[in-house]
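Participant: Fold the following.
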Amino acid sequence: MHGEPCESLNRAAIELRYRMLPYIYTAFWQCSQTGLPMMRPLFLAFLDDPSTYAMDDEFLFGDALLVAPVLEEGATRRSVYLPAGRWYDFWSGQAHDGPVTITVDAPLERLPLFARAGSVIPNWPVMQYVGERVPDPLTLHVFPGRGDSLLYEDEGDGWAHKEGVFRLSRFAVEPTADGWAIRWGREGAFRPPYSGVEVAIHGLAARPEVRVDGRAAECTWEDGVARVAAGTFEACEVVAPPRSDI
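Facilitator: Down below sits the predicted model:
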């Protein structure tokens, strides 16, 4: 309707939503189980931080993501408050230790988005509609630190999940003597349709050494992100120095 650049910007935002569907679906499942909303005020997770009590221009989306939308017309930068803990810029991998207020670039094509350290954020490949094709591979975006994450999967239709046909994955990220380890526990009878699993590790200074279930694995290194074709695993160990800007 509005032509460029609006068309490309909107397409990119919609495609980000499709990539995030495993994370979004998990947040919906959490809401159905506990009543915890998908969009959460910061004070819900940081009750000991009075700075979050009246904050209404940032929110947590699910367990792992802090979103700071631009609310002023024409603004291309904004200040962002990051509560206690380590937060990674989702786009650049740069780490910030909170509590701290930072100023970030916020052009139309990039939503200020931060991932909590120790989180695992599952993504699908870009699709134009749900069910267009098998979402293969599943990509696990890992942000080093210490933390636990969930991924809930089922058939997406019908009631078989009530009979145990679901899979609940529990990811634990924890520091080791020379890097980090990602441990993956699973429960439930559902078997997802994808066959590939890729681990994308953010926030590193250089190409790491990676072991998947005790065996060395090859990884690519581009724009500060290490990617490993891991398949389903029990433990993925990463040996790497931290970034110099942490």
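
Participant: can you pull out the helices in this structure?
Facilitator: Assigned by DSSP state H, the chain shows helices spanning 6-19, 21-34, 42-45.

Participant: Kindly reformat those as TSV containing mean pLDDT and distance to residue 214.
Facilitator: All C-beta spots, glycine's among them, are computed from the backbone N, C-alpha and C. Below are the helices of the chain laid out as TSV (pLDDT from 0 to 100; distance: least, CB to CB, whole Å):
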stretch	mean pLDDT	distance to residue 214
helix 6-19	93	30
helix 21-34	96	27
helix 42-45	96	35
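
Participant: now the residue most central in space within the chain, nearest residue through space, not along the chain?
Facilitator: By CA atoms, centre = their mean, the chain has its centre lying nearest to residue 121, at 2.7 Å. Nearest residue to residue 121, sequence neighbours excluded (CB to CB, 6 or more residues apart in numbering): residue 141, at 4.3 Å.

Participant: How many residues are close by that neighbour?
Facilitator: 22 (other CB atoms under 10 Å).

Participant: need the helices of the chain in a markdown table with mean neighbour count and distance to residue 184, can you?
Facilitator: Shown next, in a markdown table, are the helices of the chain (neighbours: other CB atoms under 10 Å; distance: least, CB to CB, whole Å):
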| stretch | mean neighbour count | distance to residue 184 |
| --- | --- | --- |
| helix 6-19 | 13 | 20 |
| helix 21-34 | 16 | 14 |
| helix 42-45 | 16 | 24 |
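
Participant: Of the ones you listed, which is nearest residue 219?
Facilitator: helix 6-19 (20.5 Å; CB to CB).

Participant: what bits of the protein have low per-residue confidence?
Facilitator: Low-confidence segments of the chain (pLDDT under 70): 241-246.

Participant: How is it partitioned into domains?
Facilitator: Per automatic domain parsing, the domain ranges recorded for the chain read 37-116, 120-239.

Participant: In a markdown table: the helices of the chain, plus distance to residue 68.
Facilitator: Listed next are the helices of the chain as a markdown table, based on distance: least, CB to CB, whole Å:
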| stretch | distance to residue 68 |
| --- | --- |
| helix 6-19 | 15 |
| helix 21-34 | 18 |
| helix 42-45 | 10 |
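
Participant: Figure out which of the ones you listed is closest to residue 192.
Facilitator: With CB to CB as the measure, helix 21-34 is the member of the helices of the chain nearest residue 192 (9.5 Å).

Participant: Tell me which other helices or strands that closest one touches.
Facilitator: strand 120-123, strand 147-154 (3 or more CB pairs under 8 Å, 6 or more residues apart in numbering; DSSP states H and E).

Participant: Just name the most buried of those strands.
Facilitator: Stretch with highest mean neighbour count among the helices and strands packed on helix 21-34: strand 120-123 (a mean of 24; mean count of other CB atoms under 10 Å).

Participant: That one: partners in the sheet, and parallel or antiparallel?
Facilitator: The strands that strand 120-123 pairs with in its sheet are strand 138-142 (antiparallel) (by DSSP bridges).

Participant: Please state the offset of the strand it pairs with from the chain centre?
Facilitator: 8 Å (CA atoms, centre = their mean, to the nearest Å).

Participant: so how far is residue 234 from residue 60?
Facilitator: Distance, residue 60 to residue 234, using CB to CB, to the nearest Å: 29 Å.

Participant: Who has more neighbours out of those two?
Facilitator: The neighbour count for residue 60 versus residue 234, taken as other CB under 10 Å, is higher for residue 60 (23 against 12).
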